[in-house]
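J.: next comes the sequence, and after it the predicted model I'd like to discuss.
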Amino acid sequence: MRLTASIEFRESISDHDEYFALFESTGWNKEYCLTPEQLQAAVLSSWRLLAAYENGELVGTGRVISDGAFHALIVDVMVTARLRRQGLGAVIVERLLESCREAGLRDVQLFCARGQAPFYRRLGFRERPAEAPGMEFKPA
């Protein structure tokens, strides 16, 4: 890990426009077409949120959606382009997992961006077997 000591972690977002810009930078919003207000509502409804700041600038985030007792879903792990592949994403995920462990959650899943499975495998995640339960529904 090559993170600098100047990274500060917070459990809230100080500027939702900055969060929206980071989300837009991933390309994900081409599919989701979220407004800044919709994304802010999602963030505020998170069970846990971790935001990484460098010199006051939002440079990474991750969220957990959970019932707080059994199931959790890690979503929206994002790192600004200039800091990718330096360990920040791993730190974010590890801290979110620690929150899940501390709460005694038994089932932690995640949404993984295309091509990122090797990153998550290194953190202990594995793909669900094809015969395992799990399906997806996308409203038209």
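T.: Yep, it's here. Residues are numbered from 1 along each chain as shown.

J.: from here on, just use CA atoms for contacts and neighbour counts.
T.: OK.

J.: okay, buried residues for stretch 15-28 please.
T.: Neighbour counts using 16 or more other C-alpha atoms under 10 Å place His16, Tyr19, Phe20, Leu22, Phe23, Thr26 of stretch 15-28 among the buried residues.

J.: oops, could you answer that again for stretch 87-106 instead?
T.: Leu88, Gly89, Ala90, Ile92, Val93, Arg95, Leu96, Leu97, Ser99, Cys100, Leu105.

J.: distance of Thr61 from Ala51?
T.: In this structure, Thr61 lies at 4 Å from Ala51, with C-alpha to C-alpha, to the nearest Å as the measure.

J.: between those two, which one's more packed in?
T.: Of the pair Thr61 and Ala51, Thr61 is the one with more neighbours under other C-alpha atoms under 10 Å, namely 28 against 23.

J.: for the helix or strand encompassing the more buried one, name the packing helices and strands.
T.: Thr61 is part of strand 57-66 when elements are defined by DSSP states H and E. Secondary structure elements in contact with strand 57-66, counted by 3 or more C-alpha pairs under 8 Å, 6 or more residues apart in numbering; DSSP states H and E, are helix 16-25, strand 48-54, strand 71-79, helix 88-102.

J.: how far off strand 71-79 does the second one point, in degrees?
T.: If you take axes from the mean of the first three to the mean of the last three C-alpha atoms, to 10 degrees, strand 48-54 sits at 10 degrees to strand 71-79.

J.: re the thing from before, and the strand holding Thr61, what's buried?
T.: In strand 57-66, the ones that count as buried by 16+ other C-alpha under 10 Å are Leu58, Val59, Gly60, Thr61, Gly62, Arg63, Val64, Ile65, Ser66.

J.: and those, which is closest to Leu110?
T.: Val64 (8.8 Å; C-alpha to C-alpha).

J.: show me what contacts the closest one?
T.: Ser46, Trp47, Arg48, Leu49, Ala72, Leu73, Ile74, Val75, Leu96 (C-alpha atoms under 8 Å, 6 or more residues apart in numbering).

J.: contact partners for the closest residue in space to the fourth one that isn't next to it in sequence?
T.: Pointing back at Leu49 there. Leaving out its chain neighbours, the residue that sits closest to Leu49 by C-alpha to C-alpha, 6 or more residues apart in numbering is Arg63, at 4.4 Å. Neighbouring residues of Arg63 by C-alpha under 8 Å, 6+ apart: Val43, Ser46, Trp47, Arg48, Leu49, Leu50, Ile74, Val75, Asp76, Val77, Leu96.
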